[in-house]
Every structure is written in C-alpha cells, then in structure tokens.
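S.K.: prediction below, plus the sequence it came from.
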Amino acid sequence: MITHDLFVADTLLTLDARKVIFWRETNSLFIADLHLGKIAHFRKSGMAIPAAAATLNLDILESLFIDYEPQNCYFLGDLFHSATNNEWFEFQHLCLKYSHIDFYLIAGNHDLQLLKYLKNKEDNWLKKMNQLELYPFLLIHEPEDLAVRYKQEKGNSDLYRLCGHIHPKIKLVGKGRQQLSMPCFYFSKNQGILPSFGQFTGGCFIKVKEGDQIFGVLDDCIHPILLPK
C-alpha cells in the first residue's frame, strides 16, 4: 500500500510511503528531516553520490504538493543540513512556486546556520518557531526522551507529540537469521516519530515496546509491522 490511514490522538492521519504524514482535516503535510544540502556536503567531501539524488528530494516534495494540494506544510526540523548552497535556493524557488501553501519550520539542531541566514532576509514566506501547538498535536523536532536528556523544551505534555530527529528504522530478523531493515513511522502512546524524508540521511534503529505501532517504508509501500507479544 502507498498510503495507510491511522487514528492518532483520536485524529485520522494518512501515512504516505514518501515518508510524510497528511492530516486531511486541516489540509496539512508533516515532513521531518529533509536535510537539504547534505548530499552537496557529501559530494564536496569526495563521496561518490550522484548529484541527481538532491534533485530527487525536491521532485518528491513537488509530487506531494501536486497530489495533496495542501494548505499548510510543516517541516519538523533539520530542514537544512549545514551552510546554505544551491539546494537551498532551488528549494526556496519550489516553495515560492506554490505560494498558496503556508510553510512552517519547527527548528531543529541542524537549522542553526539556516536561521542565521534567514534572520537577515526580508521575505517571510517561511514561518519559523521552536515548537507549535496544533491541537491535538505538539509539533517539535526532538522526541520527548531526548528533550529531557538534553534539557531542551519539553512542550505541552497534554498534547500528542509529532517529531523527527532520530531518523527511525526497524530491523526484521527471519527464522533463517536473514535480516531486513527499513525506515519507519513509530507511534507510541504519547508521540509519533516520522522517518527522515531526505536521501542519504541514515537512521537509528528503535527499541519498541508493547503497545507501540510501527509502519515500515520499503519499495514505495507502507508495511504495518506486527510486533511479537
């Protein structure tokens, strides 16, 4: 399946295999960890990554704008990776092309240089904040346990947290000890963590517990993962 509908905090959300969430009731897209500029950073360091990989991120992003026709687009942190470069300007051009969409950046740890750059710009097409309460959700970059560990803003604990940051992955092990790993959407009782949208961003294997819901993303499909009891 390319999409999967799921009730979270008594709210219907659509998980999309392009590693985003669409909230139809408010016509909103949620995207985490695009990491614009990371591919250029790798290539500058000598890694053999095709330049087309960066274009792919923007192509997928535009396909989402076309398919869902969102009114709002929320980037849940780490929109950019390091210093601004051509990827940023191409991204900006794409967003301005869809000027009817309101764009929001929930700032992440990788966005510091970007925020400094944007501070000196006159245009306000990208609304910037550290967190946003959008009932019944709290939009923020870091998962709750990391926010506590690093003494970051914890936010309103009465709201269901939607975040990114860790680039969640799941590993499946077969009876013959074969293994398969994939990025995933991870939903616990109090928070949902989105997979990294960007290409070549790596990931962190998550530890699941009873009651969690996991949806893997592989071969352009959503795969609900049945956890052992």
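M.R.: Yep, that arrived.
S.K.: drop to CA atoms for contacts and neighbour counts, all remaining ones
M.R.: Noted.
S.K.: top strand in the protein by residue count?
M.R.: The longest strand of the chain (DSSP state E) is strand 179-187.
S.K.: look up phi and psi at Glu144.
M.R.: Here is the backbone geometry of Glu144 (degrees, to the nearest 10): phi -60, psi -40.
S.K.: check which helices and strands the helix or strand just after the longest strand of the chain sits against.
M.R.: Where DSSP states H and E defines the elements, the next helix or strand beyond strand 179-187 is strand 191-193. Applying 3 or more Cα pairs under 8 Å, 6 or more residues apart in numbering; DSSP states H and E, one finds that strand 191-193 contacts strand 160-163, strand 179-187.
S.K.: for stretch 125-142, list every residue counted as buried.
M.R.: Within stretch 125-142, the residues scored as buried using 16 or more other Cα atoms under 10 Å are Leu126, Lys128, Gln131, Leu132, Phe137, Leu138, Leu139, Ile140, His141, Glu142.
S.K.: before we move on, back to that, check the helices and strands packed on strand 191-193 for me and report the most buried one.
M.R.: Compared across the helices and strands packed on strand 191-193, strand 160-163 shows the largest average neighbour count, a mean of 25 (mean count of other Cα atoms under 10 Å).
S.K.: and that strand, what does it pack onto?
M.R.: Using 3+ Cα pairs under 8 Å, 6+ apart, strand 160-163 sits against strand 137-139, strand 191-193.
S.K.: between these, which gets nearest to Asp158?
M.R.: For Asp158, the closest of the helices and strands packed on strand 160-163 is strand 137-139, at 8.8 Å, according to Cα to Cα.
S.K.: what's next to the longest strand of the chain, contact-wise?
M.R.: Strand 179-187 is contacted by residues 19, 167-173, 192-196, 203, 212-218 when judged by Cα atoms under 8 Å, 6 or more residues apart in numbering.
S.K.: list the strands paired with that strand, with their directions.
M.R.: Sheet pairing of strand 179-187 (DSSP bridges) gives strand 168-173 (antiparallel), strand 191-193 (antiparallel), strand 213-218 (antiparallel).
S.K.: in terms of mean pLDDT, which of the ones you listed ranks lowest?
M.R.: Lowest mean pLDDT of these: strand 168-173, a mean of 89.
S.K.: right, I'll leave it there.
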